[in-house]
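Student: any chance you could fold what I've pasted below:
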Amino acid sequence: MSKGEEQSKDKSLKKLTEQLEQIEEQIKRGGGEKRVKKEHDKGKWTARERVAYLVDSQDTWHEIGLWAGYQMYKDEGGCPAGGVITGIGEVAGKKCVIVANDATVKAGAWFPITTKKNLRAQKIAMENRLPIIYLVDSAGVFLPRQDEIFPDKDDFGRIFRNNARMSAEGIPQIAAIMGSCVAGGAYLPIMSDEAIIVNGTGSVFLAGSYLVKAAIGEDVDNETLGGATTHTEISGVCDYKAEDDEQALHTVRDLVDKQGPSETAGLNRSEPHEPERDCEEIHDIFPADRSTPYDMHEVLATVYDSGSFTEYKEGYGQTLITGYARIDGWSVGVVANQRKVVRTQKGEMQIGGVIYSDSADKAARFIMNCNQKKIPILFFQDVTGFMVGKRAEHGGIIKDGAKMVNAVANSTVPKFTVVVGNSYGAGNYAMCGRAYDPRFMFAWPTAQIAVMGGTQAAKVLTQIKIKTLKKKGEELSEEAEQEIMQEMQDKYEKQTKVSYAAARLWVDDIIKPEHTRQRLSHAIACANQQQEIPPFKTGVLQT
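Tutor: From the prediction side, this is the model:
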C-alpha cells in the first residue's frame, strides 16, 4: 500500500470517529440550554454538573450508555442519553457506579430505555461488587409508554428488587434526592442503605399534592407532604438533610470515604509495560474498507503489553487467534477473529473472519484453560459467522460451534468484548456477544451488529418480497426489483450501524480505537472488585 493510500485510509477512519464525537457532544447537552437554565433558576445543578463534582477527577470518570435512546422516541421529542447519566467514577478513591437522572430531559421521566439503562448500571454494580450512588431527580414513569415500562420481569419493578438484593449482598447503595422522587420511583432511594435529601428542591412521596386531593380530598402542598424537613424530622424516611446540591454531594463523598475495605478476586497483575505499537497507530493498521483483509495480530499489538503475548495453538485453527497476554499489567486470555486469509497445513485456504471447525475447537479448549487458571478473557470481534456448506457440515461445524458456545456460556471468569468490525449471526454469540454476559462490551465506530451482512440480507429479503408479489400476480420490471433491493439494503444497513446498537444498549459504549487498552484496563480493575470467581463446569459436550 502506498503512503498516499495509507493517509487516505487514516483520514477516513478518523473522520468516522470525529462524526460520532460530534453527535456525542450534542447528546451531552441533554434537553438543551433552556432546560438547563430552568434547573439553574431553581438552584439546582444539572446531572452532568453533579457527576463532575462528585468524582475525584474527570480522568476517573468512564460513562456507560451515552448513546442510549439515540434517534428513538422521535414522536415524544427524543430522549438524549436515555434521560439518565450512568458510568463508573472514583469517589474518595473508590470505584463507584453512578446513576444520575437528567431532569433536563422530560423532567427526568422514565422511558423504556431509561429503565434498561438503570438495570444495566445495577448489573455492573452487582457483578463487580461496586458501590452504587443514585442522584435522584425524576418525575417518574413516562405515562404514554407505561405499558413498556411497568409490568414485565426486566421492567421498572426489577430496579427495586435489585436494591433489595444488593443490600442483602453487602453492596453499598447511597441515594441523594436532589429533585422530584414520585410514586414507585420513591422506593429506589429509600431502599438504598442511606438517603440524603436536599432542602427546598428534593421531595419524595408516593402521590403528589394533586393526586392526594383527587384521591382522598386532602389539601396539602408538596413540601409539607414530602420535603426534606418532613422526611428528616417527622417521618424518618431520609437520613441526612442538605441545604443545596453541593452539600448533598459532599455528604455522599464523606459516606463513601468512610466505607471499610473489601476483598478482591485477586486477579494476576504485574508491572505494566507500554504496548509494542503505539495506540495511535491503529489508524494505520485497521482498514476503513471493511472488506479489506488485515492482520489482527497488528491490532492486538497496540493493546497488550510489549513482549507479553504467548500464542496458543498458533498453527491450528488460524481464523481465530488465542493466547495469553497482559494489558496494563493485567493477565488476560485473548480470543480474536483473524481477518486475513490463511492457509492450513493441508494447503487449504480459509477466509478471514469466518469461524471454522478447527478454530471453534481450539477456542473452546482455550476458554476452558482460562477458567481453570482464573484468567479473564478478552474477545475481539470481527466475525462474519461460522463456515457453511457441505464440507463444513460434514466436518461437524455445528458440533464444534456448539462446543465453543458452551464454553463461553459457562465461563465464570470475567469476560470483556470489543466489537472492532463485523459481529454477525452465531459468530456474535460464540465471541461473547451481549447475550453471553460480558462484564463490559465496547464497540469501535466501525462495528456492525446483525444476523448477517447488509448485502446478503438485502438479497434474501428482496427475493422473499418479489416471490410474494409474483404469487399475487404482480409482474415486476428489473428496475422495480432493483428499487426493492435498494430499499431493503438501506433499511438493513441502518439497523447494522454501531449507533443503532448503542442506542439500544447492545453495547455499553462506542470508544475510540486508540482508547481500547485504557478502557479494558479500567474494566478489568472493576472486575477485580468481585470477591471470588466461582468454579467452572460445562454441560454435555459432543467430541
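Student: from N422, how far out is M488?
Tutor: Note on M488: its distance to N422, by Cβ to Cβ, to the nearest Å, is 19 Å. Quick note: C-beta positions are derived from backbone N, CA and C, even for glycine.
Student: got the contact list for T60?
Tutor: Applying Cβ atoms under 8 Å, 6 or more residues apart in numbering, one finds that T60 lies in contact with G89, E90.
Student: so, low pLDDT: which residues of the chain?
Tutor: Screening the chain residue by residue with the criterion pLDDT under 70, one finds the ranges 1-12, 454, 543.
Student: do you know how far the residue with the largest distance to the centre of it is from E483?
Tutor: Of all residues in the chain, the one whose C-alpha sits farthest from the chain's mean C-alpha position, using Cα atoms, centre = their mean, is G473 at 47.4 Å. In this view, G473 and E483 are 19 Å apart by Cβ to Cβ.
Student: on that earlier part again, neighbour count winner among M488 and N422?
Tutor: Using other Cβ atoms under 10 Å, the more surrounded residue of M488 and N422 is N422, with 25 against 20.
Student: quick one, what contacts that one?
Tutor: R290, G353, Q381, D382, V383, T384, A447, Q448, G453.
Student: and these, which is closest to T412?
Tutor: Here the nearest of the contacts of N422 to T412, counting by Cβ to Cβ, is Q381; it sits at 21.0 Å.
Student: and the closest one, how far from A214?
Tutor: Applying Cβ to Cβ, the value for Q381 to A214 is 53 Å.
Student: between the two, who's got more neighbours?
Tutor: Relative neighbour count places Q381 above the other of Q381 and A214, with 27 against 10, counting by other Cβ under 10 Å.
Student: what number of residues lie near D244?
Tutor: Taking other Cβ under 10 Å as the criterion, the count of residues near D244 is 16.
Student: in which helix or strand would I find the residue farthest from the centre of the chain?
Tutor: No secondary structure element spans G473, as it lies outside all helices and strands (assigned by DSSP states H and E).
Student: so what's it up against?
Tutor: The neighbourhood of G473, defined by Cβ under 8 Å, 6+ apart, contains no residues.
Student: as a check, name the ranges of all strands in the stretch 201-350 of the chain.
Tutor: Counting by DSSP state E, counting those that start in this stretch, the stretch 201-350 of the chain forms strands over residues 240-242, 310-311, 320-327, 330-337, 342-343, 349-350, given from the N-terminal end onward.
Student: using PDB, list the CA coordinates for the third one.
Tutor: The C-alpha atoms that make up strand 320-327 are tabulated as PDB, following Å, rounded to 0.1, in the frame of the first residue of the first chain:
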ATOM      1  CA  LEU A 320      -9.100 -17.400  15.500                       C
ATOM      2  CA  ILE A 321      -6.200 -16.100  17.500                       C
ATOM      3  CA  THR A 322      -5.900 -17.400  21.000                       C
ATOM      4  CA  GLY A 323      -3.200 -16.700  23.600                       C
ATOM      5  CA  TYR A 324      -2.200 -15.200  26.900                       C
ATOM      6  CA  ALA A 325      -1.100 -11.600  27.300                       C
ATOM      7  CA  ARG A 326      -1.000  -8.700  29.700                       C
ATOM      8  CA  ILE A 327      -2.900  -5.500  29.400                       C
END
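Student: can you list contacts of that strand?
Tutor: Strand 320-327 is contacted from outside by 270, 272-273, 296-297, 300, 303-305, 308-314, 331-338, 355, 359-360, 362-363, 366, 375, 378, 517, 520-521, 524, using Cβ under 8 Å, 6+ apart.
Student: filter these down to just the ones in helices.
Tutor: Here DSSP state H is the test, and those give M296, H297, L300, S359, A360, K362, A363, F366, R517, L520, S521, I524 as lying in helices.
Student: next, give phi and psi for R48.
Tutor: In this entry, R48 is assigned phi and psi values of phi -70, psi -30 (degrees, to the nearest 10).
Student: list the contacts of it.
Tutor: By Cβ under 8 Å, 6+ apart, the neighbours of R48 are K28, G30, I85, A100, D102.
Student: let's see 7 Å
Tutor: With Cβ atoms under 7 Å, 6 or more residues apart in numbering as the criterion, the residues that contact R48 are K28, I85.
Student: rewinding a little: would you list the ones in helices among the contacts of strand 320-327 in JSON lines and tack on neighbour count and distance to M166?
Tutor: Compiled in JSON lines, those are given as follows (neighbours: other Cβ atoms under 10 Å; distance: Cβ to Cβ, whole Å):
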{"residue": "M296", "neighbour count": "25", "distance to M166": "38"}
{"residue": "H297", "neighbour count": "16", "distance to M166": "41"}
{"residue": "L300", "neighbour count": "23", "distance to M166": "36"}
{"residue": "S359", "neighbour count": "29", "distance to M166": "39"}
{"residue": "A360", "neighbour count": "27", "distance to M166": "37"}
{"residue": "K362", "neighbour count": "24", "distance to M166": "39"}
{"residue": "A363", "neighbour count": "28", "distance to M166": "34"}
{"residue": "F366", "neighbour count": "23", "distance to M166": "34"}
{"residue": "R517", "neighbour count": "20", "distance to M166": "31"}
{"residue": "L520", "neighbour count": "23", "distance to M166": "25"}
{"residue": "S521", "neighbour count": "19", "distance to M166": "26"}
{"residue": "I524", "neighbour count": "23", "distance to M166": "22"}
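Student: can you give me the end-to-end span of stretch 77-88?
Tutor: One end of stretch 77-88 sits 28 Å from the other (Cα to Cα, to the nearest Å).
Student: I'd like the numbering to begin with 694 instead of 1 from here.
Tutor: All right, first residue 694 from here; so that's stretch 770-781.
Student: and D1130, how many neighbours?
Tutor: Using other Cβ under 10 Å, D1130 is surrounded by 16 other residues.
Student: who does the residue nearest to it when sequence neighbours are not counted form a beta bridge with?
Tutor: Distance criterion Cβ to Cβ, 6 or more residues apart in numbering; nearest residue to D1130, sequence neighbours excluded, is K1108 at 7.0 Å. Here K1108 sits in beta bridges with I1070, going by DSSP bridges.
Student: which residues does K1108 contact?
Tutor: Residues in contact with K1108, defined by Cβ under 7 Å, 6+ apart, are I1070, F1072, C1125, D1130, P1131, R1132.
Student: one more: Y1005?
Tutor: The contact partners of Y1005, taken as Cβ under 7 Å, 6+ apart, are T1015, G1016, F1059.
Student: need those in a markdown table (columns: distance to G901).
Tutor: As requested, the contacts of Y1005 are arranged in a markdown table below (distance: Cβ to Cβ, whole Å):
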| residue | distance to G901 |
| --- | --- |
| T1015 | 58 |
| G1016 | 59 |
| F1059 | 57 |
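Student: show me which of those residues is closest to E862.
Tutor: E862 lies nearest to F1059 out of those, by Cβ to Cβ, at 31.5 Å.
Student: identify the residue spatially nearest to the closest one, adjacent ones excluded.
Tutor: Leaving aside its sequence neighbours, F1059 sits nearest to T1015 (Cβ to Cβ, 6+ apart; 4.2 Å).
Student: hmm, M1124 is touching G1078, no?
Tutor: No: the criterion here is Cβ atoms under 7 Å, and M1124 misses it with G1078 at 10.3 Å.
Student: neighbour count winner among the two?
Tutor: Neighbours around M1124 and G1078, counted as other Cβ under 10 Å, are more numerous at M1124. The numbers are 27 against 21.
Student: how about the more buried one, phi and psi?
Tutor: With angles defined as degrees, to the nearest 10, M1124 shows backbone torsions of phi -100, psi 30.
Student: swap in N1115?
Tutor: Dihedral pair for N1115: phi -70, psi 150, per degrees, to the nearest 10.
Student: who does it bridge with?
Tutor: Q1141.
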